[in-house]
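**Student:** What shape does this take:
(2 chains)
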2 protein chains.
Amino acid sequence: MSRRVTGPEIERLIQLLARLPGLGPRSARRAALQLVKKKDQLLEPLAEALVRVRDTVKVCSVCGNVDTADPCIVCTDPRRDASVIVVVEDVSDLWALERAGAIDARYHVLGGVLSPLNGIGPDDLTIAGLIERARDPAVREVILAVNATVDGQTTAHYVTDRLQGLDVRVSRLAHGVPVGGELDYLDEGTLAAAIRSRTPF
Amino acid sequence: MSRRVTGPEIERLIQLLARLPGLGPRSARRAALQLVKKKDQLLEPLAEALVRVRDTVKVCSVCGNVDTADPCIVCTDPRRDASVIVVVEDVSDLWALERAGAIDARYHVLGGVLSPLNGIGPDDLTIAGLIERARDPAVREVILAVNATVDGQTTAHYVTDRLQGLDVRVSRLAHGVPVGGELDYLDEGTLAAAIRSRTPF
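**Tutor:** Below you'll find the model as predicted:
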């Protein structure tokens, strides 16, 4: 701001809020003002929730999910099929698949994708941990549920190479028309893949 | 989520983040995961910043700005023109005018606009405080810098009525073409106003 119109405490809060994904400088200012306006209903509970998360939440040492327990609630759930590991880039992908109720298996969070341009190599991801888990004779299949981006597919190929020689099937998500999707809005690659992988009606 | 995949502490944090303006459920989840990933660089500083804001920031009892001092830094700045009060709906509007360096005056934050449909009447805004301030003989002009919306303009008319009889000039922001704006994208009302208020070239 050209001149100071408020205290440094609130400017610090705005700066930190603006570092959250999804909040730019303008929405961070609006969020900070909202917090000041609703000290009791919003600011105080948020401060408490942050401290509780700091003190209780950890990254699962097996799969990379975040939870209060380690191993996490997904890894220790006896009703899940322990023979299938679904490999995802990020915790948010794991949660998305669970919201969809897509599969009843275990997961492995890579923590990103290979990206030589950004200096992210195999050792920056949890690939070694995945290979270790896949050696367990109980594991029969690894599903690569990475994003259908260039980096995601490169990572899928690399992981597949590393899994060679182990007694596991490696599969990946189907490409095709999203449910509810309109053909006219889809790219050529998706349409071609949907034709190639067509199913009997 | 269909099944629990994480602890209630993190779900509570997601719920609270989703109540911030600008964050929906999806971006709140991403923000929460980011906070867990960056405990030291982001979560901890944000928790501290919230507590500091809670303990130090207050609403200015004169103008309604938020600051660590009351009266705020704007109200107590001796270099500002104390004869002009700029009336705004919200603190964010005050900050926007200051970022623009638009005027070197004092402000008055109404705290919203009149909106009978939402049950917001004159007593829910700081209109009484504004009238009181405008009685000060040092005040010569009140600029109504409310939004150019129906509710904003209704509020401007109401405030103008209440100021009648006091020895102050009442003015409002000019309507016209935004700087850098293209005529083809502007509504008829704006174009008509820009022609009506045309200035010599």
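**Student:** top strand in chain A by residue count?
**Tutor:** Secondary structure of chain A per DSSP state E: the longest strand is strand A:81-88.
**Student:** Skip the chain neighbours and tell me the closest residue to the residue most central in space within chain A.
**Tutor:** Closest to where the C-alpha atoms of chain A average out (Cα atoms, centre = their mean) is A:Asp90, at 2.1 Å. Leaving aside its sequence neighbours, A:Asp90 sits nearest to A:Val109 (Cβ to Cβ, 6 or more residues apart in numbering or on different chains; 6.5 Å). C-beta: built from backbone N, CA, C; applies to glycine.
**Student:** do A:Pro21 as well
**Tutor:** Per Cβ to Cβ, 6+ apart, closest to A:Pro21 is B:Arg30, 4.7 Å.
**Student:** Check which helices and strands the helix or strand hosting the one you found sits against.
**Tutor:** Per DSSP states H and E, B:Arg30 falls inside helix B:25-37. Under the contact criterion of 3 or more Cβ pairs under 8 Å, 6 or more residues apart in numbering or on different chains; DSSP states H and E, helix B:25-37 touches helix A:44-56, helix A:91-99, helix B:8-17.
**Student:** List the buried residues in the shortest one.
**Tutor:** Counting neighbours by 16 or more other Cβ atoms under 10 Å in any protein chain shown, one finds that the buried residues in helix A:91-99 are A:Val91, A:Asp93, A:Leu94, A:Trp95, A:Ala96, A:Leu97, A:Glu98.
**Student:** One more: stretch A:42-50?
**Tutor:** Buried residues in stretch A:42-50, counted by 16+ other Cβ under 10 Å: A:Leu42, A:Leu43, A:Pro45, A:Leu46, A:Ala47, A:Glu48, A:Ala49, A:Leu50.
**Student:** check contacts around the residue lying closest to the first one once chain neighbours are set aside.
**Tutor:** Counting by Cβ to Cβ, 6+ apart, the nearest residue to A:Leu42 once its immediate chain neighbours are dropped is A:Leu35, at 5.7 Å. Residues in contact with A:Leu35 (Cβ atoms under 8 Å, 6 or more residues apart in numbering or on different chains) are A:Leu13, A:Leu42, A:Leu43, A:Leu46, B:Leu20, B:Leu50, B:Val53.
**Student:** Can you lay out those residues as JSON lines showing distance to A:Asp161 and pLDDT?
**Tutor:** What follows is the contacts of A:Leu35, written out as JSON lines (distance: Cβ to Cβ, whole Å; pLDDT from 0 to 100):
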{"residue": "A:Leu13", "distance to A:Asp161": "47", "pLDDT": "97"}
{"residue": "A:Leu42", "distance to A:Asp161": "49", "pLDDT": "96"}
{"residue": "A:Leu43", "distance to A:Asp161": "50", "pLDDT": "97"}
{"residue": "A:Leu46", "distance to A:Asp161": "45", "pLDDT": "97"}
{"residue": "B:Leu20", "distance to A:Asp161": "43", "pLDDT": "95"}
{"residue": "B:Leu50", "distance to A:Asp161": "46", "pLDDT": "97"}
{"residue": "B:Val53", "distance to A:Asp161": "51", "pLDDT": "96"}
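**Student:** In JSON lines: these, plus distance to A:Val66.
**Tutor:** As requested, the contacts of A:Leu35 are arranged in JSON lines below (distance: Cβ to Cβ, whole Å):
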{"residue": "A:Leu13", "distance to A:Val66": "24"}
{"residue": "A:Leu42", "distance to A:Val66": "23"}
{"residue": "A:Leu43", "distance to A:Val66": "24"}
{"residue": "A:Leu46", "distance to A:Val66": "18"}
{"residue": "B:Leu20", "distance to A:Val66": "20"}
{"residue": "B:Leu50", "distance to A:Val66": "21"}
{"residue": "B:Val53", "distance to A:Val66": "27"}
